[in-house]
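Colleague: here is my input; please provide its structure:
(one chain, ligands or ions: 1)
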Amino acid sequence: MMQTYQIPHTELTVTRLGYGCMKIGGNWSESPLSAEEKTAAYKIITTALDSGINFFDHADIYTRGKSEQIFGLFLADHPGLRENIVLQSKCGIRFPGDPNTSDPGRYDFSYEHIVRSVEGSLHRLQTDYLDLLLLHRPDPLFEPEEVARAFAELHSSGKVHYFGVSNHSGAQISLLQKFCDQRLVVNQLELNLLHHGMISEGILVNQPESEFPASAGVLDYCRLHGILVQAWSPVAGGNLINPSAQADPKVQRTADEIARLAAQKGASREAIALGWLLRHPAGVQPLIGTTKLERLVASIQADRIQLSREEWYALLVAARGVPVP
Ligand SMILES: NC(=O)c1ccc[n+]([C@@H]2O[C@H](COP(=O)([O-])OP(=O)(O)OC[C@H]3O[C@@H](n4cnc5c(N)ncnc54)[C@H](OP(=O)(O)O)[C@@H]3O)[C@@H](O)[C@H]2O)c1
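Modeller: Now for the predicted structure:
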């Protein structure tokens, strides 16, 4: 059994590790799902479930809807499963050419787009409700009142139980929250040992060498407001485990430190990379993205890993390439 906790301000009990479904639909082309893609997706979903994972992350755009579609087929083939898992999806990104060929890629938090996107996700996922809906990336043209209206309607109709955001700053969350009756309970952010700015900025306050100005205290903001932080790309797309021969020295150094600790602790390298995120007191939920069964099983070991303060800092120092000031 994997360890679980309740997402603050919700009735959702989730596993410490979630599974990210971005790649289960095969490729991002317009081509329909193939039988091979369906078989591969069923195997990885089954392995995730057998490993105890109860949390699955989607987005309307993943592999152009095919990831949700394949997951919906799986749910239809497994009656009773829906009530025992937590399903999250996202909306707000539109591809170029949607719907007119001349339309650029863009973000769209309009009432119409949010509601239409959720209807599409529910249809593809073959379910009546999403446990969580996130706004995928900040839309500079968003009108908070309009998002609030969409959220209120989706909530009162029972189509979405809880709401959150992804890739948002604390100030952006505050602005949206001011207008929304529904509490924002999740912020999904890129976070891993090669993308540690949100952590490093906290030890470089007022340091002239700080190279991390952008996220502006978002981790502390989420802790302060009881917002669950989810980590996307938790193993940096595989770079923390198998860096390429041409990898930047800091990537190689971090992967070497992960491998050293893994050998020392008799654990998988995935467990060390994910365990580094789990060790952070913000209560980070990593979203595992591999489509390989053996890598998923190796990742699950993270649930049992305990990293000491010294091990955690050794990894951060390797990634930063300089000691803490
Ligand atoms: N909110 C956002 O903006 C956002 C953005 C991106 C992702 N996400 C979410 O976060 C989830 C995870 O993101 P991610 O897929 O970038 O995470 P990730 O787990 O860091 O990366 C997965 C990628 O790395 C490869 N990989 C994993 N382990 C490897 C290893 N040991 N050696 C070599 N390659 C390895 C995988 O290939 P294999 O499949 O071949 O193992 C896959 O291509 C997604 O599924 C999605 O749900 C959210």
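
Colleague: by contact count, what packs against the lowest-mean-pLDDT helix or strand in the chain?
Modeller: In the chain, no helix or strand scores lower on mean pLDDT, DSSP states H and E than helix 197-200, which sits at a mean of 91. The helices and strands touching helix 197-200, judged by 3 or more C-beta pairs under 8 Å, 6 or more residues apart in numbering; DSSP states H and E, are helix 218-224, helix 309-320. All C-beta spots, glycine's among them, are computed from the backbone N, C-alpha and C.

Colleague: with distance to the ligand and mean neighbour count added, can I get those in a markdown table?
Modeller: Listed next are the helices and strands packed on helix 197-200 as a markdown table, based on distance: least, C-beta to the nearest ligand atom, whole Å; neighbours: other C-beta atoms under 10 Å:
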| stretch | distance to the ligand | mean neighbour count |
| --- | --- | --- |
| helix 218-224 | 14 | 19 |
| helix 309-320 | 14 | 16 |
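
Colleague: partner residues bridging the residue in the stretch 1-150 of the chain positioned nearest to the ligand?
Modeller: Using C-beta to the nearest ligand atom, the closest approach of the stretch 1-150 of the chain to the ligand is made by residue 20 at 2.2 Å. When bridges are called by DSSP bridges, residue 20 pairs up with residue 57.

Colleague: what residues are up against it?
Modeller: If you count contacts by C-beta atoms under 8 Å, 6 or more residues apart in numbering, residue 20 has them with 57, 232, 287, 288, 289.

Colleague: what's the local residue count around the third one?
Modeller: Using other C-beta atoms under 10 Å as the criterion, residue 287 is surrounded by 20 other residues.

Colleague: helix, strand, or coil at it?
Modeller: strand (DSSP: H, G, I helix; E, B strand; the rest coil).

Colleague: state the distance from it to residue 74.
Modeller: Using C-beta to C-beta, to the nearest Å, residue 287 is found at 18 Å from residue 74.

Colleague: got any ranges where the chain has weak pLDDT?
Modeller: 208-210, 212-214 (pLDDT under 70).
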